[in-house]
Structures are given as C-alpha cells and as structure tokens.
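**Q** After the sequence you'll find the predicted model.
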Number of protein chains: 2
Amino acid sequence: MSDPRDTGLALDPKYDAAGLVTAVVTDRASGALLMVAHMNAEALAQTVVTREAHFWSRSRGRLWKKGETSGHVLSVADIRIDCDQDAVWLICDPAGPACHTGQPSCFYRRIDGDRLTPVE
Amino acid sequence: MSDPRDTGLALDPKYDAAGLVTAVVTDRASGALLMVAHMNAEALAQTVVTREAHFWSRSRGRLWKKGETSGHVLSVADIRIDCDQDAVWLICDPAGPACHTGQPSCFYRRIDGDRLTPVE
C-alpha cells in the first residue's frame, strides 16, 4: 500500500514500455491546459536543466525542444510529478501558440455529444 | 497537412494500440491539475452522458467511475479534446481529494533537480 514512489521524495519516474511518461503543460498566467505530450528520461533531464520544455516526439522518434523551429518555446516556471510518477506537470510561460494549428491551446474544441464545437 | 481530425468538428478519438486516450482533469475553481488517467471509448461515452468522470483502469483492467468507492466523484463541467484527438481535458468540480494518498491533487510534489519537495 505505501509505495515509496507514491509518497517519498526521490525522483523515480515510472517510464512505460516505450520509456516514456506523460507530460501535461499548463499556462502559468491563465491556468489553461495548453498541450499533452511525452517525455523520455533525456527530455525530462533537459527540461529540468534548461527550464525550457523538451519532449520525445513519438512520430519523429527523436528529442524535440518545443519551439525549436516555430520559436514558440515554453519557459518552465515549475515542474511537478504525480503520485505514481508516470506523469509530469509543467507550469509554463509560452512564447507563442502551443498548438501547431496556431491556436493558443491544443484543446480548442469542446465535446458536445458526438460533435465538437470551437471554444470561444 | 490539413488532417480533418485536427481541424474538423467530428468527434473521432485517436485511440492507441490499447484502445485508450489520455485524460487530464483540472479543478474548475482553482485551475489546478488534479490527475491524469486513461479512457477507452466506453469511459468517454459514460463521462459524456453522465457528466461524472469515468476512466479505464489499466491496473484492474476494467471501467472505473472515479469515486465509486471513495465517494470522491468528479462532476464534469466541460470536456475538451486536443488537436490530434488523443487527449481529453475534463474541467471538474471534485467532491473530495482526487489522489489516493488523500492529497487534493496527485501532483503534490515539485521536481527540484533529482529530488522532490512537497508543494505547500
């Protein structure tokens, strides 16, 4: 019941079979959920050291610094980890839209039944 | 480049090989990130219909209504989906602590280098 990973103070991420944890990014100012991505150990380490969000791109199979081409870097104000250490929360100041569609957040559509409606 | 899943208004979740999407829960009042879990199609449908958060428990291999034993139900005020439709955002009013440790949020520890420190 009392797993040290759940309640202790040692960083011990529980990577999945692909070596990844889930990364959730919120906007420090608005509190909005900006994006969800994945991190391997290197992405997490780079994020902790540089204070800029790095992820593992599953589609491209490589380390990816958010904003490396767009300039829309995510400056990391705070990093938290959940009870079972398989998800990381980055509280960020974004330099531009987080979504590749140009929307500030990737979560720009609401689920209404089986349809979606744009938010705002 | 213009994938209808990314920009259209049809609900078309991109389930992974295990039939799951990521589900992120925030607190409607405080904006805090409460928990990250997973949903299969049935969990998403039940959540949309009942307006109470349902997930797929990977450890128990079954549908799981949050709070079914603890009473700490998550009432769902809004449901959003991200650009590529592999992550869902639930904006909720929690009836009690979201974390099995009794903390309001599962993200109650900050990453400081290779150590964790409790938040607040």
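**A** That came in fine, so what should we check first? Residues are numbered from 1 along each chain as shown, chains lettered A, B, ... in the order given.

**Q** these two touch, right, residue A:93 and residue A:78?
**A** No: counting by C-beta atoms under 8 Å, residue A:93 stays clear of residue A:78, with 10.6 Å between them. Just so you know, the C-beta spots here come from the backbone N, C-alpha and C atoms, and that holds for glycine as well.

**Q** Please identify every residue contacting each of these two.
**A** Taking C-beta atoms under 8 Å, 6 or more residues apart in numbering or on different chains as the contact rule, residue A:93 and residue A:78 both touch residue A:28.

**Q** So the two - more neighbours on which side?
**A** Neighbours were tallied for residue A:93 and for residue A:78 using other C-beta atoms under 10 Å in any protein chain shown; the higher tally belongs to residue A:78 (15 against 12).

**Q** list the contacts for the nearest residue to residue A:14 once chain neighbours are set aside?
**A** Sequence neighbours aside, residue A:86 is the residue nearest to residue A:14 in space, at 4.3 Å (criterion: C-beta to C-beta, 6 or more residues apart in numbering or on different chains). For residue A:86, the contact set (C-beta under 8 Å, 6+ apart) comprises A:13-16, A:21-22.

**Q** for residue A:36, same thing?
**A** Residue A:36 makes contact with A:22-25, A:106, B:22, B:24, B:82, B:87 under the criterion C-beta under 8 Å, 6+ apart.

**Q** Adding distance to residue B:8, write these out as JSON lines.
**A** Conversion of those to JSON lines gives the following (distance: C-beta to C-beta, whole Å):
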{"residue": "A:22", "distance to residue B:8": "25"}
{"residue": "A:23", "distance to residue B:8": "26"}
{"residue": "A:24", "distance to residue B:8": "24"}
{"residue": "A:25", "distance to residue B:8": "24"}
{"residue": "A:106", "distance to residue B:8": "15"}
{"residue": "B:22", "distance to residue B:8": "20"}
{"residue": "B:24", "distance to residue B:8": "22"}
{"residue": "B:82", "distance to residue B:8": "13"}
{"residue": "B:87", "distance to residue B:8": "17"}
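
**Q** Good, wrapping up.
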